[in-house]
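Trainee: Sequence and computational prediction follow.
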Amino acid sequence: MTYETFEVPLLERELAKLGSATVYEANAKTSLTLAWKRLTGADHENWLKYERKQFGQIVSDLETEVVNYEKLKVAFQRIVDTHEDARDLRNMVVHAVWGFGAENEARLYCYRRQKAATSNDIDLAAEACAKLAGECREFAYQVALLASEGAIATEPGTGKIKVKVPTGLVTF
């Protein structure tokens with residue numbers, strides 16, 4: 001692979017897909033940390049500290065919370081099953097070194113994973129992160145439903161994020 005300094009051989013469409021993967025992953029993390037905030041009754045200051053954690057640690061922490069809520073287990077298991085693969089794809093394409101292949105096509109090499117890939121992997125990463133974001137939003141929605149039913153014993157959230165459920169709005 002040929003690498004020329006400061007030149008990233010990606011088209012605007014590919015760069016947009018990279019951005020999408022990053023935004024979807026960030027939204028997935030925000031959904032999970034807001035769900036954690038509502039489940040634990042944490043205030044905004046503690047949430048600000050908590051949201052700095054790595055995604056995998058947040059998933060591990062939530063596992064200890066979810067055991068108390070049978071209705072959350074299915075939605076949460078989808079996250080457990082997919083988050084590592086989605087984030088690994090996203091990290092590979094975002095943090096790789098991009099250059100040109102033998103046929104002058106965009107190629108990447110990820111030193112951490114010792115893996116080469118192409119711009120097609122950007123599409124896979126964006127799709128996987130979009131799916132993960134949807135799963136995390138669904139989990140947060142399930143938390144909101146439980147809160148609206150009074151099944152979560154913590155105080156209502158003090159934040160400005162509100163989730164619409166059939167019985168009204170739930171604050172996170």
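Mentor: That came through fine. Only a predicted model underlies this, so the values are computations on that prediction, with no experimental measurement involved.
Trainee: just for this structure, where's the confidence low?
Mentor: 1-9, 154-159 (pLDDT under 70).
Trainee: Now with 50, please.
Mentor: Along the chain, the parts satisfying pLDDT under 50 run over 4-6.
Trainee: Enumerate the helices of it by residue range, in sequence order.
Mentor: All helices of the chain, identified by DSSP state H, fall at 12-40, 44-50, 55-66, 73-95, 120-148.
Trainee: now these as CSV including distance to Tyr111 and mean neighbour count?
Mentor: The C-beta positions use only the backbone N, C-alpha and C, and glycine is treated the same way. Supplementary listing: the helices of the chain in CSV, determined by distance: least, Cβ to Cβ, whole Å; neighbours: other Cβ atoms under 10 Å:
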stretch, distance to Tyr111, mean neighbour count
helix 12-40, 18, 20
helix 44-50, 30, 13
helix 55-66, 21, 16
helix 73-95, 9, 18
helix 120-148, 15, 21
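Trainee: out of these, nearest to Lys160?
Mentor: The closest of the helices of the chain to Lys160 is helix 44-50. By Cβ to Cβ, the value is 9.4 Å.
Trainee: got the CA positions of that closest one in PDB?
Mentor: The C-alpha trace of helix 44-50 is given here as PDB (Å, rounded to 0.1, in the frame of the first residue of the first chain):
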ATOM      1  CA  HIS A  44     -26.400  15.000  35.800                       C
ATOM      2  CA  GLU A  45     -22.900  15.600  37.400                       C
ATOM      3  CA  ASN A  46     -22.500  11.800  38.000                       C
ATOM      4  CA  TRP A  47     -23.700  11.100  34.500                       C
ATOM      5  CA  LEU A  48     -21.100  13.500  33.000                       C
ATOM      6  CA  LYS A  49     -18.400  11.500  34.800                       C
ATOM      7  CA  TYR A  50     -19.900   8.200  33.900                       C
END
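Trainee: Among the helices of the chain, which comes closest to Gly101?
Mentor: Among these, the nearest to Gly101 by Cβ to Cβ is helix 120-148 (12.3 Å).
Trainee: Show me what the closest one packs onto, helices and strands only.
Mentor: helix 12-40, helix 73-95, strand 162-165, strand 168-171 (3 or more Cβ pairs under 8 Å, 6 or more residues apart in numbering; DSSP states H and E).
Trainee: So which of the ones you listed is nearest Gln142?
Mentor: Closest approach to Gln142 among the helices and strands packed on helix 120-148 (Cβ to Cβ): helix 73-95, 4.8 Å.
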